[in-house]
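Visitor: with the sequence up front, the predicted model follows.
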Amino acid sequence: MILSPSGCSFPWGCTDTTAERGEAGVRVQVEDTYGQPLGATAEVVDWHLEPHPQVPSEGDQVRFRYRFDGVDGSSDPVLDACAVDRERVALGCQPVSASQAFGPNGDPTGTDWLAVEHPEQVAGVLLIPNDQSYGGRTCEQDIKDGAGPHPPAPARIGDRL
């Protein structure tokens, strides 16, 4: 029997795996591509609707504050943040990173915006716990050195979280 590292088999077989999307929430434990906690948490501190100052003519958008705790200088987790309706259907999503959340005096809180087509339907903002920062190569990109676990696809409008 020949043993080989995860994702590889001799001679140069290649297998990609995709992590299951974790349970979205207002406060989540950040997970790696194996679904294991990384020792950091992320939280939506608050949110509200207001016109974006750069494009006020587009009407209300979702302004939200979020924070990361337990992140050290060697990692920069990236999570999907999504505005959702009462049924937890995504109305708009975008990635947020821990490095964007660090403000003055080490405050781990950041502010961002989510553009949504129907802001009146927004019932909350949720974070998906899967760290999206892993940029490993896939088998399609590199049959010899690619493979292994990858984060789930980013959340999109219409996804039920």
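Guide: Perfect, I can see it now.

Visitor: what's stretch 32-48 in contact with?
Guide: 19-20, 22, 26-31, 62-71, 75, 77, 79, 81, 83, 96, 98, 109, 122, 124-127, 129-131, 134, 148-151 (Cβ atoms under 8 Å, 6 or more residues apart in numbering). For every residue, glycine as well, the C-beta is placed using N, CA and C.

Visitor: which parts of that stretch are buried?
Guide: 32-33, 38, 40-44, 47 (16 or more other Cβ atoms under 10 Å).

Visitor: one step back: if any of the contacts of stretch 32-48 are buried, put those into a ChimeraX selection.
Guide: What follows is the ChimeraX syntax selecting those of those that are buried according to 16+ other Cβ under 10 Å:
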select :19,22,28,29,30,31,62,63,64,65,66,67,68,70,71,75,77,79,81,83,96,98,122,124,125,126,127,129,130,131,148,149,150,151
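
Visitor: give me the pLDDT value at Lys144.
Guide: Note on Lys144: pLDDT of 66.

Visitor: let's see which of the contacts of stretch 32-48 end up in helices.
Guide: Those of the contacts of stretch 32-48 mapping onto helices are Ala98, per DSSP state H.

Visitor: biggest strand in the chain, by residue count?
Guide: If you go by DSSP state E, the chain has its longest strand at strand 37-51.

Visitor: partner strands of that one, parallel or antiparallel?
Guide: strand 27-31 (antiparallel), strand 60-69 (antiparallel) (DSSP bridges).

Visitor: save these as CSV, and put in mean pLDDT and distance to Leu161 too.
Guide: Below are the strands paired with strand 37-51 laid out as CSV (pLDDT from 0 to 100; distance: least, Cβ to Cβ, whole Å):
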stretch, mean pLDDT, distance to Leu161
strand 27-31, 95, 11
strand 60-69, 95, 15
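
Visitor: now the ones you listed in CSV, with distance to Asp159?
Guide: Compiled in CSV, the strands paired with strand 37-51 are given as follows (distance: least, Cβ to Cβ, whole Å):
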stretch, distance to Asp159
strand 27-31, 16
strand 60-69, 16
